[in-house]
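K.L.:
need coordinates for the following:
(one chain, ligands or ions: 1)
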Amino acid sequence: MEALTQTADSTMTDEVLRILIVDDDHADRRHVMHVMKEAGLPCSFVETVSLEDAVEACKQQTFEFAIVDYHLPGADGLNCISYFQARIPDMPVVMITGRGDEIVAAQAIKAGAMDYIPKKNVQEASIRRIVKTALERAELRRRIAQQQEELEKFAAVLVHDLRAPITAVQAFARYIESGLRATSPDRDTISDHCRGIVKAVRRMDALINTLYKYTKADAEITLHPVDMNQVMVDAMTDLQNTIKERRARIKCGNLPVVAGDASELTELLENLIGNSLKYCEAETPIVDVTAAPDGKDTWRFAVKDNGIGISEQYRQKIFAPFERLHGTGKYDGAGLGLAICKKIVERHGGTIWCESSASQGTIFFFTLKEAV
Ligand code: ADP
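P.N.:
Numbering: from 1, shown residues only. Modelled structure (predicted):
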């Protein structure tokens, strides 16, 4: 049978839930759709009557949710659930059956169903509750999977990026030892090797610091009135060595007082200005920080540079953790600076994005709420 599509709109949420129904009984399918409509769930339905039909429908589109009957022709509903569990683990599945039997319920849950309801209990309240719980659990599962992926990347970066300076320290230590054993030790070379150790250790320290800041960027913050002119002064103080080394020109307009956390906002400006200086090949890096009103109670900040620019296809990606457009060597870094910036801005209720052109550099924009 060809899958049938129906829509039942309502005002409960703005998003329409795409729901797959797998049930060979026409009246039962109608009943489920009717109850969902009455429950005020904004849904579109695809009706299928067998596992084969359902598999076909899943190839055509994605669903937020599936409702599967226990009794299906050919394969039973449990096979259907196991199939979804293996192929589409993010899609919550609820089993419905005429038999309100605990053994079937346990089998359904074991096969991977989020919930189980006897047909006689398919009513507005139960459907609403089940859909809500199933979607929440699916979201939780997605978040856990995402965090797990982040953790794996985190571990890989730790191992990879920390190994390089550790190897350097070991090598320098060996050179120093053999240098000292020589009949007439060359003090200058030994001093060079000592400086090499200090540099490698500094790199390790910076990396550990960044990783620590990234893990801390999820903590709760309290918003206070923060003068962004002072934040700018603090960020410049922290960056003064780099600014001097690069002979950079940092320009800044008059900045507003916003609702925020001063040390987080300093970190934000420091990361953005630091990147502007790092990813710049110009003899004199020029960074311009400005702010302009952006609708009611909101300010839009801009950090503009004359650096190497960012191609269009990477402008979203760079905010993800551990995304780097260049390997270490030319530009140092762990790929966490912008991910930290994104977390900071979002925790302040704002958004961050960038615009760029290779010839004109990059502008990072972010919004913050005005202090009340
Ligand atoms: P890191 O600097 O440690 O690599 P970030 O998260 O701060 O990590 O930046 C991610 C990537 O975005 C960088 O590797 C770089 O390629 C690019 N990038 C960031 N800021 C700029 C900028 N101002 N100009 C050009 N490229 C940038």
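K.L.:
number of nearby residues for the closest residue to Phe319 other than its chain neighbours?
P.N.:
The shortest distance from Phe319 to any non-neighbouring residue, by CB to CB, 6 or more residues apart in numbering, is to Lys342 (4.6 Å). Heads up, the C-betas are built off the backbone N, CA and C, glycines and all. By the measure other CB atoms under 10 Å, the count of residues near Lys342 is 21.
K.L.:
Lys342 and the ligand, how far apart?
P.N.:
Lys342 is 9 Å from the ligand, where distance means CB to the nearest ligand atom, to the nearest Å.
K.L.:
could you pull out the helices for the stretch 201-350 of the chain?
P.N.:
If DSSP state H, counting those that start in this stretch is used as the criterion, the helices of the stretch 201-350 of the chain fall at 228-238, 240-246, 262-278, 337-347.
K.L.:
can you put the ones you listed in CSV and add mean pLDDT and distance to Phe365?
P.N.:
Output for the helices of the stretch 201-350 of the chain, formatted as CSV (pLDDT from 0 to 100; distance: least, CB to CB, whole Å):
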stretch, mean pLDDT, distance to Phe365
helix 228-238, 96, 14
helix 240-246, 95, 22
helix 262-278, 96, 10
helix 337-347, 93, 10
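K.L.:
which among the ones you listed is found nearest to Arg129?
P.N.:
Arg129 lies closest to helix 337-347 among these, at 30.4 Å (CB to CB).
K.L.:
ok, back up a step: any idea how far the residue nearest to Phe319 lies from Pro92?
P.N.:
Here the criterion is CB to CB, to the nearest Å. By it, Lys342 lies 28 Å from Pro92.
K.L.:
repeat for Val104
P.N.:
Distance from Val104 to Pro92, counting by CB to CB: 18 Å.
K.L.:
the two - which one has more neighbours?
P.N.:
Taking other CB under 10 Å, Val104 and Pro92 do not tie; Pro92 has more neighbours (26 against 19).
K.L.:
next, work out how far apart that one and Leu180 are.
P.N.:
66 Å.
K.L.:
please apply the same query to Ala108.
P.N.:
From Ala108 to Leu180 the distance is 72 Å (CB to CB).
K.L.:
now Asp69
P.N.:
80 Å.
K.L.:
and Arg187, how many neighbours?
P.N.:
Arg187 has 9 neighbours, counted by other CB under 10 Å.
K.L.:
point out the residues in this protein that sit beside the ligand.
P.N.:
Contact residues, the chain versus the ligand (CB under 6 Å from any ligand atom): 275-276, 279, 305, 307-308, 310, 318, 323-326, 333-339, 362.
K.L.:
let's see that with 8 Å instead.
P.N.:
The chain has residues 210, 271-272, 274-276, 278-280, 303, 305, 307-310, 314, 318-319, 321, 323-326, 331-341, 354, 356, 361-362, 364 near the ligand, with proximity defined as CB under 8 Å from any ligand atom.
K.L.:
pretty sure Val35 sits against Arg128.
P.N.:
No: when contacts are counted by CB atoms under 8 Å, Val35 is not listed as touching Arg128 (9.2 Å).
K.L.:
I'd say Val46 and Asp23 touch.
P.N.:
No: with contacts defined as CB under 8 Å, Val46 does not count as touching Asp23, sitting 11.7 Å away.
K.L.:
neighbour count winner among these two?
P.N.:
Shown here are Val46 and Asp23; by other CB under 10 Å, Asp23 has more neighbours (26 against 21).
K.L.:
need the contact list for the more buried one.
P.N.:
29, 32, 47, 49, 67-69, 72, 96 (CB atoms under 8 Å, 6 or more residues apart in numbering).
K.L.:
and if we set it to 6 Å?
P.N.:
The neighbours of Asp23, taking CB atoms under 6 Å, 6 or more residues apart in numbering as the test, are 29, 69.
K.L.:
same question for Ile130.
P.N.:
By CB under 6 Å, 6+ apart, the residues touching Ile130 are 94, 115.
K.L.:
please report phi then psi for it.
P.N.:
Backbone dihedrals for Ile130, given as degrees, to the nearest 10, come out at phi -70, psi -40.
K.L.:
and the strands in the chain?
P.N.:
Taking DSSP state E as the test, the strands found in the chain are 4-8, 17-22, 43-48, 65-69, 93-97, 115-118, 224-227, 249-252, 257-260, 286-293, 298-305, 352-357, 361-369.
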